[in-house]
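Q: got a predicted structure here, sequence first:
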Amino acid sequence: MFNLILFGPPGSGKGTQSVNITETYKLQHISTGDLLRDEVSRQTPLGVEAQKYMDQGLLVPDEVVIGMISSRIDETPSARGFIFDGFPRTKAQAEALDKLLEFKNTQIHLVLSLEVPENDLIQRLVGRGITSGRSDDNEEVITKRIKEYHAKTAPVADHYQSYGKLTQIKGDNSIEDTFKLLSKEIDKYLQPA
Ligand code: AMP
């Protein structure tokens with residue numbers, strides 16, 4: 001099993017690159033943002049609770065997200081591996097994920113961190129807001145999401161850095177060029193399927 005975290009601030013390209021990686025390496029893609037948006041659209045109790053945070057650009061409480069991830073991992077026991085996109089987003093989530101994987105006799109093998117200048121992030125997210133229909137892709141909420149990233153999510157990089165698992169990837173080139181850089185790192189662990 002090979003487990004990868006695609007890390008980076010909002011708008012750094014995690015979603016786009018996760019799709020490319022999933023297709024090439026046949027990993028199971030787990031995006032907590034997508035899972036939460038699905039709960040919101042179905043107006044489940046979890047979705048109604050999560051929406052309050054998401055609409056304000058705040059992180060959804062750890063216990064909600066961790067429970068969701070745990071059941072998702074259990075759904076595909078024979079996966080070749082997982083690609084985590086938008087998770088973990090706090091140190092508590094990272095520690096919970098490490099424990100969850102240890103319990104399954106596996107681990108996070110690699111964390112690829114997409115590095116994109118902040119001005120580019122805001123431009124990309126505002127642009128996406130025009131086409132995506134996502135209620136959190138407007139300038140006011142984007143600013144809050146980036147603030148949450150610096151306060152709560154950036155420490156996750158230090159956590160994996162301390163285990164020697166973090167590799168930084170230049171993320172402001174074309175989608176194709178960034179994918180080549182990501183693949184070069186993944187190929188050290190896993191061949192395309
Ligand atoms: P994303 O699609 O990854 O940008 O996530 C959209 C929103 O969903 C975030 O701004 C948070 O409100 C929420 N969210 C997604 N993933 C997480 C997570 N791992 N922990 C807490 N909140 C999350």
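A: Thanks, I have the structure now. Residues are numbered from 1 along each chain as shown.

Q: rest of the way, CA atoms for contacts and neighbours
A: Noted.

Q: low-confidence ranges in this protein?
A: The chain contains no residues with pLDDT under 70.

Q: how about the residues of it by the ligand?
A: By Cα under 6 Å from any ligand atom, the part of the chain that sits against the ligand consists of 10, 32-34, 53-54, 57-61, 65, 86-89, 145.

Q: which of these count as buried?
A: Buried by 16 or more other Cα atoms under 10 Å: 10, 32-33, 54, 57-60, 65, 86-89, 145, out of the residues of the chain next to the ligand.

Q: got TSV for those, with secondary structure and distance to residue 115 too?
A: Shown next, in TSV, are these (DSSP: H, G, I helix; E, B strand; the rest coil; distance: Cα to Cα, whole Å):
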residue	secondary structure	distance to residue 115
10	coil	11
32	helix	20
33	helix	20
54	helix	23
57	coil	21
58	coil	21
59	coil	21
60	coil	24
65	helix	24
86	coil	14
87	coil	17
88	coil	17
89	coil	16
145	helix	16
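
Q: need those in a markdown table with distance to residue 99, can you?
A: Converted to a markdown table, those look like this (distance: Cα to Cα, whole Å):
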| residue | distance to residue 99 |
| --- | --- |
| 10 | 26 |
| 32 | 18 |
| 33 | 22 |
| 54 | 26 |
| 57 | 28 |
| 58 | 25 |
| 59 | 21 |
| 60 | 20 |
| 65 | 15 |
| 86 | 18 |
| 87 | 14 |
| 88 | 13 |
| 89 | 16 |
| 145 | 27 |
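
Q: can you count the residues close to residue 95?
A: 13 (other Cα atoms under 10 Å).
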